[in-house]
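Asker: sequence and predicted model, in that order:
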Amino acid sequence: MSIRLGSLRPRDRARVAELLVSTAVFSREEIDVALQLFDASVADDDVVGADDAHVPDYEFTGAFDGEQLLGYACAGPTPATEGTFDLYWLAVDAAAQGKGIGTTLVRAVERSLRERGARMLLVETSSRPDYSNTRAFYTRCGYTEAARIKDFYAPADDRIMLNTRLTPERGAATR
């Protein structure tokens, strides 16, 4: 399998919905939010007068095998911060998980953000048992738990914030 990274297009919407469902962890409400974000952010290249210099608040990166979308990531700047970004969505087709696609997407987002001078990337996830693979994935990618809010989503369902630094901390020795 040869993975090609690229931008998502409006024609990818139905496949994005399939990916979100295939993970079997996102609720119907979460999927609706992800698709609303897609609709508001993924521009149609055929729109006359589109501003090519405009950087959208949410950026979508797809992992393709040929023309088949196998996974995607959505990241954007965290409002009212300096150089902090959020990884809002990461979804890989359940049949393609464990093949490095998620890691490839995360590393591509990190690389792109580093090139733009970003300092930090945050990921929000749930403490529910069905998210244990998600948390383990981010740990393997080098993310650490930065905060936890007990019972945030529901009783016994904590909000877990994970992060990674994209630049050295101030005063940290560099090699």
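Answerer: Perfect, I can see it now. Numbers count the residues shown, from 1 in each chain.

Asker: which residues of the chain fall in helices?
Answerer: Secondary structure of the chain (DSSP state H): helices located at 13-22, 28-41, 101-115, 132-140.

Asker: these two touch, right, Leu122 and Leu162?
Answerer: Yes - counting by C-beta atoms under 8 Å, Leu122 touches Leu162, with 7.1 Å between them. No exception for glycine: its C-beta is placed from N, CA and C like everyone else's.

Asker: picking up where we left off before, let's have the helices of the chain in JSON lines, adding mean pLDDT, distance to Ile3 and mean neighbour count.
Answerer: Shown next, in JSON lines, are the helices of the chain (pLDDT from 0 to 100; distance: least, C-beta to C-beta, whole Å; neighbours: other C-beta atoms under 10 Å):
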{"stretch": "helix 13-22", "mean pLDDT": "97", "distance to Ile3": "14", "mean neighbour count": "17"}
{"stretch": "helix 28-41", "mean pLDDT": "94", "distance to Ile3": "21", "mean neighbour count": "14"}
{"stretch": "helix 101-115", "mean pLDDT": "96", "distance to Ile3": "6", "mean neighbour count": "18"}
{"stretch": "helix 132-140", "mean pLDDT": "96", "distance to Ile3": "17", "mean neighbour count": "15"}
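
Asker: that older thread, what is in contact with Leu122 and Leu162 at once?
Answerer: Ala146 (C-beta atoms under 8 Å, 6 or more residues apart in numbering).

Asker: quick one, which of these two is more surrounded?
Answerer: Using other C-beta atoms under 10 Å as the criterion, Leu122 and Leu162 rank with Leu162 on top: 22 against 19.

Asker: could I get the contacting residues of the more buried one?
Answerer: Here Leu162 is in contact with 122-125, 135, 138-139, 143-146 (criterion: C-beta under 8 Å, 6+ apart).

Asker: repeat that with 7 Å
Answerer: Going by C-beta atoms under 7 Å, 6 or more residues apart in numbering, Leu162 touches 123, 125, 138, 143-146.

Asker: just Arg4 next, same as before
Answerer: Phe64.

Asker: using PDB, write out every CA atom in stretch 82-101.
Answerer: Output of stretch 82-101 as PDB, limited to C-alpha atoms (Å, rounded to 0.1, in the frame of the first residue of the first chain):
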ATOM      1  CA  GLU A  82       0.200  31.900  20.600                       C
ATOM      2  CA  GLY A  83       1.300  29.000  18.400                       C
ATOM      3  CA  THR A  84      -1.000  26.400  20.000                       C
ATOM      4  CA  PHE A  85      -3.100  24.100  17.800                       C
ATOM      5  CA  ASP A  86      -5.700  21.500  18.300                       C
ATOM      6  CA  LEU A  87      -5.900  18.100  16.500                       C
ATOM      7  CA  TYR A  88      -9.700  18.100  16.400                       C
ATOM      8  CA  TRP A  89     -10.400  14.900  14.500                       C
ATOM      9  CA  LEU A  90      -8.400  11.800  13.500                       C
ATOM     10  CA  ALA A  91     -10.200   8.900  11.900                       C
ATOM     11  CA  VAL A  92      -8.800   5.900  10.000                       C
ATOM     12  CA  ASP A  93     -10.900   3.200   8.400                       C
ATOM     13  CA  ALA A  94     -11.300   0.300  10.900                       C
ATOM     14  CA  ALA A  95     -10.100  -2.100   8.200                       C
ATOM     15  CA  ALA A  96      -6.900  -0.100   7.700                       C
ATOM     16  CA  GLN A  97      -6.000   0.600  11.300                       C
ATOM     17  CA  GLY A  98      -2.700  -0.700  12.600                       C
ATOM     18  CA  LYS A  99      -0.900   0.000   9.200                       C
ATOM     19  CA  GLY A 100       0.700   3.300  10.200                       C
ATOM     20  CA  ILE A 101      -1.900   5.500   8.500                       C
END
